[in-house]
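**Q** 3D, please:
(chains A and B)
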Amino acid sequence: MSLKDVDIEKIVPENELEEEILADIKAGVTTEVITRCPPEPSGYWYIGHVKAWTINFETAKKFGGKTYLRMDDSNPSKEDGEYAGSYMADLEWLGFKPEKLIYASEAYFDAIYEIAEKMIKNGDAYVCDLSAEEVSKTRGTLTEPGTNSPYRNRTPEENLQLFRDMKAGKFADGSRTLRAKIDMAHPNINMRDPVMYKIARLHHYRVGDKWCIWPQYDFVHPMEDCLEGTTYSLCDKGFQDHRLVYEWFVKHGWGKTPAPKQREFSRLVIENILSGKRYLKQLVASGVVSGWDDPRFPTLVGIRRRGYTAKAVKDFVRSVGWGSTIEVTVPLSALEHYVREDLNKIATRAMVVLDPLKVVITNYEGAEEIEIDNNPNDENAGKHKALFSKEIYIEKEDFSLNPPPKYNRLTLGGIVRLKGAYIIRCNNVVYDKNGEIDHLECEYIEGTKSGQDNSGIKCKGTIHFVSLENSFEVTVREFKNLIKSEYKSPSKALADGVPISELLEPNSLVEKKAFAENFLKNAKVEDKFQFMRKGYYCVDKDSTENNLIFNSTISLKDSWSPNK
RNA sequence: AGGGGUGUAGCCAAGCGGUAAGGCACACGACUUUGACUCGUGCAUGCGUAGGUUCGAAUCCUGCCACCCCUGCCA
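**A** Down below sits the predicted model:
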């Protein structure tokens, strides 16, 4: 796939970047669109990352280009090898295929070092002996210019020797830095002689102890983009202030064309979702959740286990758009809409009774087959067999002795349709010793079987059920959002000093038993179902042969309320 | 001697001089053997604000106002 494989004339730009790319292509500035997916390998991805990756991968794809997965691993103190594998798996799940997996530390550090030497020779960089504290102090403030480092005017020869000595390990950690010689009085603080290399004897998860000097983001990122051939470096607006430095390094460190362009999109924030590596880590460490892939977690492995689909998340992200402010906050319901939308199309329907109430059909003996559509919205989905028999279970909430207005479920003396089977009438309520309802005695009405009903009886309600002979016990895990609904912005609450324990919804995981139709016995991990009239569920990886576990992905919408 | 951004509905968002798309949410209807889905209807005389240019302005000009981000040897 390359630019030649797409018809430029037919591409309809959907945002300013795409308009710019189109113009670049037409002007001959761009001959190939290359983007990159540059995670710092220091944690699992969460929903927010999907926006960045969707933009980078889909923009490239739209123009017949490609995207590299590049570990932005220039800070050994925060990174380790645990994550690259998870990124590959996440990307595969999302349906994005990187051109190649690259470890910047291995692939580019030598070349980047050479660039640094070249810049020293050109007088664009110098070795500075100021301590971190002194650098900070001489940087000036938001409104005042900084002052030049006393080491700023060393000769290129002296700088080169010093830099080589830095690399050779002749100086103590933190004692010197290589700095870009830009402008200490620049109104943009990022331009005030940013640090290019620091000295730190750290073991790197990829390159081991090869280096004791490490390139810093403002320098290393544009150089990696250049070395890789990236044409559009798409990042979030947190880096907008850095665009100037980015361009400066591209010019002074690289100096060739075509030069990569940095463009920025809004960060995506979802209400009531806790993000922030350190907080998530804390919850994992303290055992509040079962791990990084806990179904209540916003990590990709978490939402995947929960039952969210990649399509849903991508549709959601696309619906939010490119964004104009640094951060865009949308309600959780917006995400959930796309989850339901996709699941409605793909989830197989099944009947599962979560809170059983026994019903005996007094005028019926034996059992008979009934058919259930696997998906009424998809005629190709087929049907599956279930059973109607003398003893069945219905949902407790589907029977009421004191029905509210418009309650069109089962009442004493009332009728209701059993999904796929007959209309039944409740004639009697049988109580146990404690005065609790033990079971219901109902009669089925002949001639009302689903699909062949010629009785003319009008029945307002239809409820789901399972028959005793056709059911087995499963485990269902119901979730509440991890964060209490009143904390729309958990990170802000945390910043305001609210303890994390206060943010957490108590009992966000409730495990219970349920009766599922036998059809579900063959369900495999990650299979997705709609438990009719309840919600969407998927098989959890904790399932064993004798114990199927279903995670509640999301409930069905429920517009019914008794008072309407 | 600060710099960089952004203001269109409750939340996102299109719009690029020709009379305010779309989605979410919400409300009300219709349909329904899932109170789901689907469908219909409603939801900004208004685009931060004050002026100006124009036959015509969310779009162009000027002034003002508000909010967000930036002073790591993190990315």
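
**Q** only C-alpha atoms from now on, for both contacts and neighbour counts.
**A** Fine.

**Q** what's around A:Gly382, how many residues?
**A** 13 (other CA atoms under 10 Å).

**Q** look up the closest residue to it, ignoring the ones flanking it.
**A** A:Asn374 (5.6 Å; CA to CA, 6 or more residues apart in numbering).

**Q** quick one, what contacts A:Gly48?
**A** Contact analysis of A:Gly48 by CA atoms under 8 Å, 6 or more residues apart in numbering lists A:Arg267, A:Leu268, A:Val269.

**Q** flag every residue of the stretch 201-350 of chain A that's near RNA strand B.
**A** Applying CA under 7 Å from any atom of the strand, we find that the stretch 201-350 of chain A lies next to RNA strand B at A:215-218, A:238-241, A:266, A:319-331, A:333-334, A:336-337, A:341, A:344, A:349.

**Q** are any of the residues you listed buried, and which?
**A** Buried members of these, scored by 16 or more other CA atoms under 10 Å, are A:215-218, A:239, A:266, A:320-323, A:328, A:336, A:344, A:349.

**Q** count of residues packed around the closest residue to RNA strand B within chain A?
**A** Closest to RNA strand B within chain A is A:Ser450: 2.2 Å, counting by CA to the nearest atom of the strand. Neighbour count of A:Ser450, defined by other CA under 10 Å: 17.

**Q** ok, now which ones touch the residue nearest to A:Leu162 when sequence neighbours are not counted?
**A** Of all residues not flanking A:Leu162 in the chain, A:Val127 sits nearest, at 6.7 Å (CA to CA, 6+ apart). Going by CA under 8 Å, 6+ apart, A:Val127 touches A:Tyr151, A:Arg152, A:Arg154, A:Asn159, A:Leu162, A:Phe163, A:Arg176, A:Thr177, A:Leu178, A:Arg179.

**Q** burial check on the fourth one, number of neighbours?
**A** The reference is to A:Asn159. Neighbours of A:Asn159 using other CA under 10 Å come to 23.

**Q** ok, back up a step: can you verify the residue nearest to A:Leu162 is assigned to a strand?
**A** Yes. When classified by DSSP: H, G, I helix; E, B strand; the rest coil, A:Val127 is found to be part of a strand.

**Q** okay, strands next: where are they in the stretch 351-500 of chain A?
**A** For the stretch 351-500 of chain A, the strands defined by DSSP state E, counting those that start in this stretch cover A:352-353, A:356-361, A:367-373, A:383-389, A:391-395, A:399-400, A:410-411, A:415-418, A:423-431, A:437-444, A:462-463, A:465-467, A:471-479.

**Q** make CSV out of those strands and add mean pLDDT, distance to A:Ile55 and mean neighbour count.
**A** Formatted as CSV, the strands of the stretch 351-500 of chain A follow (pLDDT from 0 to 100; distance: least, CA to CA, whole Å; neighbours: other CA atoms under 10 Å):
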stretch, mean pLDDT, distance to A:Ile55, mean neighbour count
strand A:352-353, 98, 40, 26
strand A:356-361, 98, 47, 20
strand A:367-373, 97, 38, 16
strand A:383-389, 98, 39, 19
strand A:391-395, 98, 45, 21
strand A:399-400, 96, 50, 18
strand A:410-411, 97, 51, 22
strand A:415-418, 98, 47, 23
strand A:423-431, 98, 52, 18
strand A:437-444, 98, 56, 19
strand A:462-463, 98, 44, 20
strand A:465-467, 98, 45, 28
strand A:471-479, 98, 31, 20
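
**Q** is it possible to get CSV of the ones you listed that adds distance to A:Ile189?
**A** As requested, the strands of the stretch 351-500 of chain A are arranged in CSV below (distance: least, CA to CA, whole Å):
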stretch, distance to A:Ile189
strand A:352-353, 61
strand A:356-361, 65
strand A:367-373, 64
strand A:383-389, 65
strand A:391-395, 64
strand A:399-400, 68
strand A:410-411, 70
strand A:415-418, 70
strand A:423-431, 75
strand A:437-444, 73
strand A:462-463, 65
strand A:465-467, 67
strand A:471-479, 46
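
**Q** looking at those, which is nearest to A:Glu114?
**A** Counting by CA to CA, A:Glu114 lies closest to strand A:471-479 out of those; the figure is 53.5 Å.

**Q** in its sheet, what does that closest one sit against?
**A** In the sheet containing strand A:471-479, its partner strands are strand A:509-517 (antiparallel), strand A:549-555 (parallel), by DSSP bridges.

**Q** packed most tightly, which of the ones you listed would that be?
**A** Highest mean neighbour count of those: strand A:549-555, a mean of 24 (counted as mean count of other CA atoms under 10 Å).

**Q** inside helices: which ones of the buried ones among the residues of the stretch 201-350 of chain A next to RNA strand B?
**A** Cross-referencing these against helices under DSSP state H gives A:Tyr217, A:Asp218, A:Val320, A:Glu336, A:Asn344.

**Q** on that earlier part again, burial count for the residue nearest to A:Gly382?
**A** As a burial measure, A:Asn374 scores 21 neighbours (other CA under 10 Å).

**Q** repeat that for A:Asp496.
**A** For A:Asp496, using other CA under 10 Å, the count is 9.

**Q** where does the stretch 201-350 of chain A have low pLDDT?
**A** Across the stretch 201-350 of chain A, nothing is flagged by pLDDT under 70.

**Q** all helices of it, in order?
**A** Remark: helices assigned in the stretch 201-350 of chain A by DSSP state H, counting those that start in this stretch are A:217-228, A:243-249, A:277-285, A:300-306, A:310-320, A:332-346.

**Q** show the average pLDDT along the longest helix anywhere in chain A.
**A** Ranked by number of residues, the top helix in chain A under DSSP H is helix A:104-121. The average pLDDT for helix A:104-121 rounds to 98.

**Q** and for stretch A:538-547?
**A** Stretch A:538-547 carries an average pLDDT of 97.

**Q** cheers, nothing more for now.
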